[in-house]
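Student: my questions are about this predicted structure, shown below with the sequence.
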Amino acid sequence: MSNSQANSSPSSITLTRPDDWHLHLRDGATLASVLPHTARQFRRAIVMPNLKPPVTTTSQAAAYRERILAALPEGMQFEPLMTLYLTDNTPPDEIRRAKDSGFIHAVKLYPAGATTNSDAGVTALKKCYKTLEVIQEVGMPFLVHGEVTDTDIDLFDREAVFIDRVLQPLRHDMPALKVVFEHITTRDAAQYVDEAEGPIGATITAHHLLYNRNEIFKGGIRPHFYCLPVLKREEHRQALVRAATSGNTKFFLGTDSAPHPKGLKEHACGCAGCYTALHAMELYAQAFEQAGALDKLEAFASFNGPSFYQLPRNTGTVTLQRESWTLPAEVPMGEATVVPLNGGEQIHWKLV
Ligand SMILES: NC(=O)N[C@@H](CC(=O)O)C(=O)O
Ligand SMILES: [Zn+2]
Ligand SMILES: [Zn+2]
């Protein structure tokens, strides 16, 4: 990272062009609206497969990839890194096809019922062991939405319980499986990843670095802060900040930007997901600056992900300037609008 001033509060920072290792682009008119927001900042993104219907085959992923590239505005450079949605019935051969495709970079686990469009997800990991053995064998990263859905488990404990009940047994049985613990939200997860042996990494969102669960209820119910896994206590936020700024290469950037139309967020049963693609790098800069660790942002955003995925680092750069500006209250998304996280409020960094 090169600072315009050699001190801890530079007026601008220039980083190797970053990548987003966890992103929801959706499809159709929504895709066309949100993709430019990501592509202006990130050179590549791991694209989540939880469409309706989900992206479960290599040929579906190929078609989705073509739709993404077709929606990319002229002159923008962006490479979608595709993923497959694992179901109880994904055949082992599908993994070999995916690996041979060259454009599918990971397989995604959604425990059935855990989150948006997870109905077709896995009901019991044991049912997938033949397929998981092939994922392990071909060396494809296995991305996990790490929450149990058992009704006896408190919503705020779902991630911690997932470690004991699902992740540890899985990694015991498949020690060479490359796992990414996606969008971690707890000290338990950060500690587990930090101390675990073998191939494991974790993505961390900007909103989980910036906010604790009070934010959802401040002055009334605030649906734009509702995502899954849900924001946790302050002690957990602090543990995530420590992990992201530690310099440990296992932790890398994944926005989990998850656009939903405004009307479905501001709703009696509102959708889970925060929209951060518009201003992701600015949010991360704010979080790292608050921690006095701006010098750690480049490795987290631009180096650790490529090294985990065994891909080259990007060549270009992006520059962020210290400048206060007001985020739009909402932005067009297809026929509707989407409210960015902190919409209408001030932010103190600006992507040049
Ligand atoms: N994070 C979310 O709250 N929502 C995501 C799904 C997910 O990543 O779990 C979505 O697709 O809307
Ligand atoms: Zn998820
Ligand atoms: Zn997600």
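Tutor: Noted; the coordinates are in hand. Ligands and ions are numbered 1, 2, ... in the order given.
Student: just the buried residues of the longest strand along the chain, please?
Tutor: Longest strand in the chain by number of residues (criterion: DSSP state E): strand 317-326. Residues of strand 317-326 classed as buried by neighbour count (16 or more other Cβ atoms under 10 Å): 318, 320-321. Using the backbone N, CA and C atoms, a C-beta is placed for each residue, glycine as well.
Student: so what's the gap between it and the chain middle?
Tutor: Distance, stretch centre to chain centre, for strand 317-326: 22 Å (Cα atoms, centre = their mean, to the nearest Å).
Student: just checking, next helix/strand downstream of that strand?
Tutor: The C-terminal neighbour of strand 317-326 among helices and strands, as given by DSSP states H and E, is strand 331-333.
Student: now do that following strand: everything it contacts.
Tutor: Outside strand 331-333, the residues that touch it by Cβ atoms under 8 Å, 6 or more residues apart in numbering are 29-30, 33-34, 259, 261, 278, 337-338, 340.
Student: report the buried members of those residues.
Tutor: Neighbour-count burial (16+ other Cβ under 10 Å) applied to those gives 30, 33-34, 259, 261, 278, 337-338, 340.
Student: now these as a markdown table including pLDDT, secondary structure and distance to Y309?
Tutor: Shown next, in a markdown table, are the buried ones among the contacts of strand 331-333 (pLDDT from 0 to 100; DSSP: H, G, I helix; E, B strand; the rest coil; distance: Cβ to Cβ, whole Å):
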| residue | pLDDT | secondary structure | distance to Y309 |
| --- | --- | --- | --- |
| T30 | 98 | helix | 26 |
| S33 | 98 | helix | 27 |
| V34 | 98 | helix | 22 |
| P259 | 98 | coil | 24 |
| P261 | 98 | coil | 31 |
| L278 | 98 | helix | 25 |
| T337 | 98 | strand | 33 |
| V338 | 98 | strand | 28 |
| P340 | 98 | strand | 27 |
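Student: of those, list those near ligand 2.
Tutor: When those are checked against ligand 2 using Cβ under 5 Å from the ion, none falls in range.
Student: any buried residues in the longest helix belonging to the chain, and which?
Tutor: If you go by DSSP state H, the chain has its longest helix at helix 58-71. For helix 58-71, a neighbour-count test (16+ other Cβ under 10 Å) marks 58, 60-61, 64-65, 68, 71 as buried.
Student: which residues in the stretch 151-300 of the chain form strands?
Tutor: In the stretch 151-300 of the chain, the strands defined using DSSP state E, counting those that start in this stretch lie at 179-181, 200-204, 251-253.
Student: quick one: which of the ones you listed is nearest ligand 2?
Tutor: Ligand 2 sits nearest to strand 200-204 of all the strands of the stretch 151-300 of the chain, at 9.8 Å, using Cβ to the ion.
Student: all the helices of the protein, in order from the start?
Tutor: Assigned helices in the chain, in chain order: 28-39, 58-71, 92-101, 129-138, 158-162, 168-173, 187-195, 206-210, 214-217, 234-244, 262-265, 280-290, 297-298, 304-309 (criterion: DSSP H).
Student: check which helices and strands the longest one is in contact with.
Tutor: In this case it means helix 58-71. helix 28-39, strand 44-47, strand 79-85, helix 92-101 (3 or more Cβ pairs under 8 Å, 6 or more residues apart in numbering; DSSP states H and E).
Student: now the ones you listed in a markdown table, with distance to A190?
Tutor: Output for the helices and strands packed on helix 58-71, formatted as a markdown table (distance: least, Cβ to Cβ, whole Å):
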| stretch | distance to A190 |
| --- | --- |
| helix 28-39 | 25 |
| strand 44-47 | 20 |
| strand 79-85 | 23 |
| helix 92-101 | 29 |
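Student: near the residue of the stretch 101-250 of the chain found nearest ligand 2, how many other residues are there?
Tutor: Residue of the stretch 101-250 of the chain nearest ligand 2, by Cβ to the ion: H145 (3.6 Å). As a burial measure, H145 scores 25 neighbours (other Cβ atoms under 10 Å).
Student: alright, I will stop here.
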